[in-house]
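**Student:** Sequence plus predicted model, see below.
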2 protein chains.
Amino acid sequence: MIAWTEGRFIDPHSPLVGASDPGLMTGQGMFDTIAAYHGRLWALEAHLSRLSASLTAAHIPQPQVDLDEGARLVAAHLRNVPVGRIRITVLNTHEGSRTVITATPEPHAPALGAPHPTDARVAITPWARSPLMPFAGHKSTSYAHNIQALHWAYAQGADEGLWHGPNGGLCEGSVSNLLTVVDGQLATASAQCGVLPGVTLAVVREVCHELGGVRELSAVEVGEVVGVGQGGALVGTLRMIQPIGVVDGVPGEVPGVIRRAQELVAAAMPDFLADA
Amino acid sequence: MIAWTEGRFIDPHSPLVGASDPGLMTGQGMFDTIAAYHGRLWALEAHLSRLSASLTAAHIPQPQVDLDEGARLVAAHLRNVPVGRIRITVLNTHEGSRTVITATPEPHAPALGAPHPTDARVAITPWARSPLMPFAGHKSTSYAHNIQALHWAYAQGADEGLWHGPNGGLCEGSVSNLLTVVDGQLATASAQCGVLPGVTLAVVREVCHELGGVRELSAVEVGEVVGVGQGGALVGTLRMIQPIGVVDGVPGEVPGVIRRAQELVAAAMPDFLADA
């Protein structure tokens, strides 16, 4: 792992934030994760725009550093790596805010222009997202609920845990968006369910117009679709579209429209790279 | 502020936790806050027991240090302060866990054996607690939602924000429990609503048996009671029982049973002090 803060590279194990900082003690921070292909960042502008909006919502001062420049500087260290991950974190501190950018290789993520090499195994968690929380739909460092659900899924032999929505059904993964299929058309939970407004999901919408676009469903509807094994996929910057092959240990069919969407997004991936 | 970590006192501004630590990056930590009267900790054992249970729930390694001893060492620095606050935080790190204990004076909290000197002004937030989150009922450092609600309340000219429960009504404050009154009897939201199992609330239950105990209501019922201005109080280690004097800018009556409970708890406060 490579780490950079406020204009300089640091040892990722070196201490950064202390007992008087709300970023550490009360989880006041926002972050975003971006895929990097040979050091070129994917959909950088859209990710930075979402992060900036989340900081405003949380009353966290915007970074003192240029995030676009910082992210590229850090990503440049991954230029010999086919796929890597950049994480940009902005924490509230007693002095304002503190920005940390890290970079790590991601050997299991799909290569640029390639569909995900494996299908996902998901487990349905006992937990529910609530849109009636202040940071529903934001990537907050108050992220322990998500990590708990992810680790719970690992313990079930799955790769990801699915959350129920506010009124039952399913709405999204603990660290991914959920794409499903209704009457042959791509569909996803509406932002009204409190799900993250996914950057990769926005790209799916943009690229898949020939498939009829992406319908927005209530959480209840998404649950009905996934529940009857009509198939779906996880969506996110490092998965792109990863078809769901197994739900709670039971294998299912991946609909043709998901495979087609996967190919369309893979083919369009280079178009969304930030210039190196 | 005084800060102590893993057996030694440190500058509270000194950095502690870094980019590779899940305690910082994904809010994986648990904490508790304890009132200290001239350096003697209030209901220490019950607070430590709740913290330990929360660490187990979050799969965070129990501290390497003796928390009872550490808390007393830190609290001893407040021996010349009538009321202070100890906060014990245990964060998940790549090496196991890290414990931080801080101490700060609290000049506005009620003195030992005295009822709260002022009534609270509360504002009803637009947000709702969900019992269907992994850490509902735990004091997690993924606490940004609570801080957002508290600061929102300050912006309304209030001291505390009240959260709706899962099915409407109210259930608790952003950083306190909510005590209300039904047919002349003390009442509070049930743990089924996802509220924190308050240590001070447990003391209220124990001390107020002559008032008929404390009934457990659904969030909807609590909402009806507070909504019609029948009065209530905030409960917590530094407030003890603080009657609610104003809801959303509208003054209301404080029921006699709240005042009586306040006196009973104040009188019993010394019984719950840990030996210095």
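**Tutor:** Done, it's in. Here the structure is a predicted model, which is why all the values come from computation and not from measurement.

**Student:** Could you use CA atoms for every contact and neighbour count after this?
**Tutor:** Will do.

**Student:** Would you map out the domains in chain A?
**Tutor:** A:2-105, A:120-272 (automatic domain parsing).

**Student:** Let me have the ones you listed in CSV, adding mean pLDDT, distance to residue B:192 and mean neighbour count as columns.
**Tutor:** Output for those, formatted as CSV (pLDDT from 0 to 100; distance: least, CA to CA, whole Å; neighbours: other CA atoms under 10 Å in any protein chain shown):
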stretch, mean pLDDT, distance to residue B:192, mean neighbour count
domain A:2-105, 96, 24, 21
domain A:120-272, 94, 14, 21
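
**Student:** export these to JSON lines and tack on distance to residue B:178?
**Tutor:** Converted to JSON lines, those look like this (distance: least, CA to CA, whole Å):
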{"stretch": "domain A:2-105", "distance to residue B:178": "21"}
{"stretch": "domain A:120-272", "distance to residue B:178": "19"}
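
**Student:** Throw the ones you listed into CSV and include distance to chain B, thanks.
**Tutor:** CSV is the format used below for these (distance: least, CA to the nearest CA, whole Å):
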stretch, distance to chain B
domain A:2-105, 4
domain A:120-272, 4
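
**Student:** Of the ones you listed, which is nearest residue B:78?
**Tutor:** Distance to residue B:78, taken as CA to CA, is lowest for domain A:2-105 among the domains of chain A, at 17.8 Å.

**Student:** Name the residues linked to residue A:236 by a beta bridge.
**Tutor:** Beta-bridge partners of residue A:236, counted by DSSP bridges, are residue A:240.

**Student:** Dump whichever strand or helix holds residue A:202 to CSV, keeping only the CA atoms.
**Tutor:** Residue A:202 belongs to helix A:199-207 when assigned by DSSP states H and E. Provided in CSV are the C-alpha atoms of helix A:199-207 (Å, rounded to 0.1, in the frame of the first residue of the first chain):
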residue,chain,number,x,y,z
VAL,A,199,-20.8,6.1,-10.2
THR,A,200,-20.4,2.8,-12.0
LEU,A,201,-24.2,2.4,-12.0
ALA,A,202,-24.4,5.8,-13.7
VAL,A,203,-22.0,4.5,-16.4
VAL,A,204,-24.2,1.3,-16.8
ARG,A,205,-27.2,3.6,-17.4
GLU,A,206,-25.2,5.7,-19.9
VAL,A,207,-23.8,2.7,-21.8
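
**Student:** For it, name the packing helices and strands.
**Tutor:** strand A:232-236, helix A:256-268 (3 or more CA pairs under 8 Å, 6 or more residues apart in numbering or on different chains; DSSP states H and E).

**Student:** Report all helices and strands that the longest one contacts.
**Tutor:** Where contact means 3+ CA pairs under 8 Å, 6+ apart, helix A:256-268 is packed against strand A:185-189, helix A:199-207, strand A:240-247.

**Student:** Give me the residues contacting it.
**Tutor:** A:112-116, A:181, A:184-186, A:203-204, A:207-208, A:211, A:232-233, A:240-243 (CA atoms under 8 Å, 6 or more residues apart in numbering or on different chains).

**Student:** what do you get for stretch A:61-79?
**Tutor:** Contacts of stretch A:61-79 (CA under 8 Å, 6+ apart): A:2-4, A:6-7, A:36-41, A:44-45, A:48, A:52, A:55-56, A:84, A:86, A:88, A:90, A:92, A:96-99, A:101-105, A:276.

**Student:** Just these: which are in strands?
**Tutor:** When DSSP state E is applied, those are split such that A:2-4, A:36-37, A:40-41, A:84, A:86, A:88, A:90, A:92, A:96-99, A:101-105 fall in strands.

**Student:** In a strand, residue A:152, correct?
**Tutor:** No. With DSSP: H, G, I helix; E, B strand; the rest coil as the criterion, residue A:152 is assigned helix and is not in a strand.

**Student:** Where does the nearest residue to it once chain neighbours are set aside fall, secondary structure wise?
**Tutor:** Distance criterion CA to CA, 6 or more residues apart in numbering or on different chains; nearest residue to residue A:152, sequence neighbours excluded, is residue A:161 at 7.4 Å. Using DSSP H and E, residue A:161 sits within strand A:160-165.

**Student:** what does the next helix or strand after that strand contact?
**Tutor:** Using DSSP H and E, the helix or strand that follows strand A:160-165 in sequence is strand A:168-173. Residues from elsewhere that reach strand A:168-173 (CA under 8 Å, 6+ apart): A:128-129, A:160-165, A:177-178, A:188-189, A:193, A:195, A:219-224, A:226, A:234.

**Student:** gap between the next helix or strand after strand A:168-173 and the chain center?
**Tutor:** Once strand A:168-173 ends, the next helix or strand along the chain (criterion: DSSP H and E) is strand A:177-182. Offset of strand A:177-182 from its chain centre (CA atoms, centre = their mean, to the nearest Å): 15 Å.
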